[in-house]
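In: Have a look at this prediction, sequence included:
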Amino acid sequence: MPIASPPLTDLLRSADLSATPLSALISRFHLGCRSRRRWRQALRRSSPHANLSPFFFPFELSQPSHQCLCCIIDCSKHILIFSTKYVDPAFQGVGQKIGTEIWRIENFQPVPLTKTDYGKFYSGDSYIILQTTSGKGGAYLHDIHFWIGRESTQDEAGTAAIKTVELDAVLGGRAVQHRELQGYESDKFLSYFKPCIIPLEGGFASGFKKPEEEVFETRLYVCRGKRVVRMKQVPFARSSLNHDDVFILDTERKIYQFNGANSNIQERAKALEVVQYLKDKYHEGTCDVAIIDDGKLQAESDSGEFWVLFGGFAPIGKKVVNEDDVVLEMAPAKFYSINDDQLKLEENTLSKAALENNKCYLLDCGAEIFIWVGRVTQIEERKAASKAAEDFIISQNRPKTTHVTQVIQGYETHAFKSNFESWPASTVTGNSGGEEGRGKVAALIKQKGVDFKGITKGSPQNEEVPPLLEGGGKLEVWRIDDGAKNQVPKEEIGKFYSGDCYIVLYTYHSGERKEDYFLTSWMGKDSIQDDQMMATQLATTMWTSLKGKPVQGRIFQGKEPPQFVALFQPLVLLKGGISSGYKTLIAEKNQNDETYTSDGIALIQVSGTSVHNNKTVQVDAVATSLCSTDCFILQSGNSLFIWNGSSSTFEHQNWAAKIAEFLKPGVTLKYVKEGTESSAFWFALGGKQSFTSKKITQDVVKDPHLYTFSLKKGKIEVFEVFNYSQDDMLTEDMLLLDTHAEVFVWIGHSVDPNEKQNAFDIGQKYIELAVLLEGLSPNVPLYRITEGNEPCFFTTYFSWDSAKAVVQGNSFQKKLSYLFGTAMHASESKDKSVGVDHDGPTQRASALAALSSAFSPSSNAKTTAPRPSRSGQGSQRAAAVAALSSVLTAEQKRGESETSATRFSRSPSPGPRVTVNDSTKTESASSESEQPLELLAEKEDEEGDGSVSESNDADSEVIEEPKMDEIGGGSTFSYECLKVKSSNPVTGIDYKRREAYLSDAEFQTVLGMTKEAFYQQPKWKQDMQKRKSNHERYSLLFVDEQCICLGVTSKVHMYLFCA
């Protein structure tokens, strides 16, 4: 005879928690409850709400010094009881709305931050960040991050970790917890603060002095990341710059973005967002912005100002690899169980079944460590598991960049599950009874007046009409038969047989576009594999012929999306098939042919009355198929009955009549109400039987996630883009959008054409992976979408800005044009400027720009960056002149070594094309009469095409020099006939290659070398050789209309007008 247990509330309310351990109370309560059923009975006796099926059952207790909340959580076969003692006032009512909440640890207590301070993190402090999102079914999901500044004390960091566990308990013990170290934050954390977080020195706790914000400080940042930016402040010095990264120099009046010549285009684009953010947040949107391209030949004021801020131009060094550049590799997962703070390596196969819900485990994946905690583990066990992970990192000498993530049973992340071969779906998921129970608990707590709100969002959602394609377009349908597509007659469009496959093309107009296309193949559930493959292949051929503009889809029967259903009014799915492949299949299997015919027996269910869900399906012709909430069409020979269920609506009944007219035009209809059926009606169905009166619905759960991916040995790996937006759709990438109801493969303009063709294969590989890990349906609709042709049912998952979609160019050019307008100059190559000689003419051009700015500063005060106080105008000029001198000297030495190195080569060596600065071109033209050999290519504007290349690709383009015997066909002319101002000029020659028409002897006399040696040089060296042919002794520099002699050189001559 079990001992009757007293009401738990009485035990808890009468107890002094400071003297009575909670475990003792639980033991007394548990004494008379030997089964799960008796637990429930006892809980119901303790609660005034007898109908409550407790999943999360709270009890309020008032103690003299604190408020305590004791909770009983019914977890499947186990019941977890814990007490959140000392619920911190800062955590009251948190996690009840979507968004971010942040606390800073001050005096070892969490203090909420104001919204204006979100995104500012001081290196001397520790923070707790709660991110609340909406999951499947509307339930709230929580991620808790504790961020530790690099100068934060160990005590503060420990406080943040402890308070994170407390916050998790307040939220029901099911949040995912993350440890974030300054400088090594996870992508998910950084995605909350787009475009970036601003790392600041100082702090507000542990004696740190509050930094002075009134005095503006010039800062130099390095920016890394294509979708989330990791900003790091570096010393404001030339030595911090390199050719591989993107830098932002934030001065008081102007923000400069310096693009390293080898930097990633997508990182350049993302840095522009940071520039705009700095401009708006710290400059009130009024400062100027300048883009400085490393390796570009532009002697303009912005470039000059930039280098003057660094004390004058000088060559920048190569990137020094440090710990920030080390990318940790994911390693094969190792699985440990945690017992009494000790780790034990588990040798058994990694599977979901190995995870016991009363234990904690550690999953070591190399770059990331996961802690998995069972739902019935106690808080102290979870804390011990976190400590075990920290000790593991130390003992294994893992770098501090190792991420640690704690997941709770039932709320595992995709990154965690991806380490398992499969992840069978749980029996309790989504909006199940557990969610419903938590919703009731939330209502109970609110009713009791406690400022401790519910955990989940369980309110039902009204049906919304999804975005549909514009009407009035042209609809064409083809049926696949015997390896070909046969057009379906117009009067038959809308009938789809389950044994056949179809191709549908809808041509329509949307917005200002000329024509848009929706192209999809439909696969009947009984169709043969050959027809399915042929439908996909033929649809792909049509997609290619339309230049990739259509949205191409693949839809399986039973998974028709709203935009597909809306095209057909009506859409009727019938049994059987017409194709020869289907007929052959049923003949081989000796099956009866159930193909719908207009004179046979058929029962057709009519459900849904909206344009996007009024799908009609032929079902088994038996009474058990009926449902009181729908209408049915019963066809028996020449008779046609419309059966109206008792709960069907007037709209249902009218729509059923239209379907009947579509199937058998002109036939007389017999209307039958539920309960008034004739014997002929039941006879056609094989006799009267009971049927359901409840509507069976399949809720479409939408849970969109955006992924990048990589393929390794034919296996796909996906990486989530957290808190995604349209800005993450980079034109060089392919992305996967999984809404759980549909899967999209988005293809950027700049993706390789071969990869575009593989989009469906990639999408199918992802679906196969998501079936195993996320419980995705294998028949989910799949689409291929190209950039610029995004349909409304895709853009609905974004805050879509059509202005961004029409901008042309690569990621950097598109972003630059959108943020700052097309007027801003951006010398951006199509590639990453591979092959640019950074130590040659590019350095010289930048030096000239710096010198120009130093001698002739801009008169516009707004565009002049503040000069460092340590450098006056004189020192800037001296630094610039010295930099130019060093560049020219180094160039001379390289020129001599390269000439000797190439002298023995038999074939001409191509070199980078060098664009000529306007100032250099002007000076060269003015001195034209002084040069006996007037063969400079840039002087041919008067006689040639009059243009000088200044294209974005000028620096990286390699020009193949023509062979000597290809120029002039062997004809030679005298020097006097070839020069520009000749009294007897020659005609019919290539004026840009005048020197090629000199005889070998005269060529040697004028240019000092043979033709063979001359054409083995790069193009820029050939031009330099022409310039110096008669000026090997003096180098002059014209500044402010004054000629200043800088000295005598033996090999280099150059003019510059700075004014």
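Out: Received, thanks. Numbering: from 1, shown residues only.
In: Find the residue ranges of the stretch 601-750 of the chain scoring beneath the pLDDT cut-off.
Out: For the stretch 601-750 of the chain, applying pLDDT under 70 flags the ranges 696-700.
In: any idea where the strands of it begin and end?
Out: For the stretch 601-750 of the chain, the strands defined by DSSP state E, counting those that start in this stretch cover 601-606, 615-619, 631-636, 639-644, 669-673, 705-712, 715-721, 734-738, 743-747.
In: quick one: which of those strands is nearest Phe496?
Out: Among the strands of the stretch 601-750 of the chain, strand 615-619 comes nearest to Phe496, with 10.0 Å by CB to CB. Any C-beta I mention is one placed from the backbone N, CA and C, and that applies to glycine too.
In: Who are the packing partners of the closest one?
Out: Contacts defined by 3 or more CB pairs under 8 Å, 6 or more residues apart in numbering; DSSP states H and E place strand 615-619 against strand 571-574, strand 601-606.
In: and Met521, what element?
Out: Slight slip there: residue 521 is Ser, not Met. Assessed by DSSP states H and E, Ser521 sits inside strand 516-523.
In: Report the next helix or strand after that strand in sequence order.
Out: Per DSSP H and E, the first helix or strand lying C-terminal to strand 516-523 is helix 529-545.
In: Any buried residues in that following helix, and which?
Out: By neighbour count with 16 or more other CB atoms under 10 Å, helix 529-545 contains the buried residues Asp531, Gln532, Met534, Ala535, Thr536, Leu538, Ala539, Thr540, Met542, Trp543.
In: now the angle between strand 516-523 and that helix, please.
Out: 170 degrees (axes from the mean of the first three to the mean of the last three CA atoms, to 10 degrees).
In: quick one: contacts of helix 529-545?
Out: For helix 529-545, the surrounding residues in contact (CB atoms under 8 Å, 6 or more residues apart in numbering) are 478, 480-481, 483, 485, 500-503, 505, 519-523, 550, 552, 554, 579, 581-582, 757, 760, 784.
In: Buried only: go through those residues for me.
Out: Buried members of these, scored by 16+ other CB under 10 Å, are 478, 480-481, 485, 500-503, 505, 519-523, 550, 552, 554, 579, 581-582, 760, 784.
In: is it true that Val111 lies in a helix?
Out: No. Going by DSSP: H, G, I helix; E, B strand; the rest coil, the assignment for Val111 is strand, not a helix.
In: wait, what's in contact with it?
Out: Ala90, Trp103, Arg104, Ile105.
In: wait, isn't the second one in contact with Ser126?
Out: No. Counting by CB atoms under 8 Å, Trp103 stays clear of Ser126, with 9.6 Å between them.
In: close enough to count as contact, Ala333 and Leu363?
Out: Yes. Between Ala333 and Leu363 a contact is recorded at 5.6 Å, counting by CB under 8 Å.
In: higher neighbour count, those two?
Out: Taking other CB atoms under 10 Å, Ala333 and Leu363 do not tie; Leu363 has more neighbours (20 against 16).
In: Leaving out sequence neighbours, find the closest residue to that one.
Out: Residue nearest to Leu363 in three dimensions, not counting chain neighbours: Phe370, with 4.2 Å by CB to CB, 6 or more residues apart in numbering.
In: Can you give me every residue that contacts the one you found?
Out: Listed by CB under 8 Å, 6+ apart, the contact set of Phe370 reads Leu362, Leu363, Val404, Thr405, Gln406, Val407, Ala415, Phe416, Asn419.
In: Make a PyMOL selection of whichever of those residues turn out to be buried.
Out: The PyMOL command for the buried members of those (criterion: 16+ other CB under 10 Å) is given here:
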select buried, resi 362+363+404+405+406+407+415+416+419
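In: Now stretch 764-780: buried residues?
Out: Buried positions in stretch 764-780, judged by neighbour count with 16+ other CB under 10 Å: Gln764, Lys765, Tyr766, Ile767, Leu769, Ala770, Leu773, Glu774, Leu776, Asn779, Val780.
In: Then stretch 655-663?
Out: Buried residues in stretch 655-663, counted by 16+ other CB under 10 Å: Trp655, Ala656, Ala657, Ile659, Ala660, Leu663.
In: quick one: which of those is nearest to Gly637?
Out: Of all these, the one with the least separation from Gly637 (CB to CB) is Leu663, at 13.6 Å.
In: so the closest one touches Leu634, yeah?
Out: No. Using CB under 8 Å, Leu663 is not in contact with Leu634, being 11.5 Å away.
In: can you list residues touching both of those two?
Out: Here Leu663 and Leu634 have Ile604 as joint contacts, going by CB under 8 Å, 6+ apart.
In: And for Phe709, nearest residue in space, chain neighbours not counted?
Out: Val718 (4.8 Å).
In: Apologies, that question was intended for Arg227.
Out: Nearest in space to Arg227, with sequence neighbours left out and distances taken as CB to CB, 6+ apart, is Asp728 at 5.1 Å.
In: how much space between that neighbour and Lys344?
Out: Distance from Asp728 to Lys344, counting by CB to CB, to the nearest Å: 41 Å.
In: Which among the strands of the stretch 601-750 of the chain is found nearest to Tyr282?
Out: Minimum separation from Tyr282 across the strands of the stretch 601-750 of the chain (CB to CB) falls at strand 715-721, 27.3 Å.
In: What strands line up against the closest one, and which way round?
Out: Partners of strand 715-721 in the sheet, by DSSP bridges, are strand 705-712 (antiparallel).
In: which of the residues in the partner strand are buried?
Out: Buried residues in strand 705-712, counted by 16+ other CB under 10 Å: His705, Leu706, Tyr707, Thr708, Phe709.
In: Same check on stretch 269-279?
Out: Buried residues in stretch 269-279, counted by 16+ other CB under 10 Å: Ala269, Lys270, Ala271, Leu272, Glu273, Val274, Val275, Gln276, Tyr277, Leu278, Lys279.
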